[in-house]
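Q: Using only what follows, build the 3D model:
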Amino acid sequence: MNINWVKVLIAALFEVLWVIGLKHADDFWTWTGTVIAIIVSFYLMINAGRKLPVGTVYAVFVGLGTAGTVLSDIVFFGEPLKAAKIILILVLLTGVIGLKSVTHDNVHKGVDS
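A: Sure thing, here's the model as predicted:
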């Protein structure tokens, strides 16, 4: 796995953090953490998108972020665990993994390479 896919994975983790922050932030520090998570998340995603196919980067970013947010709601916030949610998350992750696996890791040569 090249470093740009690692950036996408880390960006998705920070996406989960800022989405949770948007729902639960209620003071200066939690809002500050949420804003920092947004900045880190988008910085890493945009940076990876400069070297990898941007459509695939965005799909993987959003798919992993969505799955992570739903799972976080279940694990940390008492959202009901339903078989349909788990099945749909697995379908989503299968699509994300499939999309990533058919995308070539050829790094685009740019001006800043």
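Q: Residue 32: helix or strand, and which one exactly?
A: helix 28-49 (DSSP states H and E).
Q: For that helix, list every residue counted as buried.
A: Of all the residues in helix 28-49, those buried under the rule 16 or more other C-beta atoms under 10 Å are 34, 37, 38, 40, 41, 44, 45, 47, 48, 49. The C-beta positions use only the backbone N, C-alpha and C, and glycine is treated the same way.
Q: Using CSV, write out the CA atom coordinates for it.
A: Output of helix 28-49 as CSV, limited to C-alpha atoms (Å, rounded to 0.1, in the frame of the first residue of the first chain):
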residue,chain,number,x,y,z
PHE,A,28,-15.0,25.7,23.0
TRP,A,29,-12.6,22.7,23.2
THR,A,30,-14.9,20.2,21.6
TRP,A,31,-15.6,22.6,18.8
THR,A,32,-11.9,23.3,18.4
GLY,A,33,-11.2,19.6,18.1
THR,A,34,-13.9,19.2,15.6
VAL,A,35,-12.5,22.1,13.4
ILE,A,36,-9.0,20.6,13.7
ALA,A,37,-10.4,17.2,12.6
ILE,A,38,-12.1,18.8,9.6
ILE,A,39,-8.9,20.5,8.5
VAL,A,40,-6.7,17.4,9.0
SER,A,41,-9.3,15.2,7.2
PHE,A,42,-9.6,17.4,4.1
TYR,A,43,-5.9,18.2,4.0
LEU,A,44,-5.0,14.5,3.8
MET,A,45,-7.8,13.7,1.3
ILE,A,46,-6.9,16.6,-1.0
ASN,A,47,-3.2,15.7,-0.7
ALA,A,48,-3.8,12.1,-1.6
GLY,A,49,-6.1,13.2,-4.5
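Q: I'd like the distance from it to the chain centre, please.
A: 11 Å (C-alpha atoms, centre = their mean, to the nearest Å).
Q: same deal with stretch 89-101?
A: Distance, stretch centre to chain centre, for stretch 89-101: 13 Å (C-alpha atoms, centre = their mean).
Q: List the contacts of that stretch.
A: By C-beta atoms under 8 Å, 6 or more residues apart in numbering, the surrounding residues in contact with stretch 89-101 are 5, 56, 59, 60, 63, 64, 66, 67, 70, 71.
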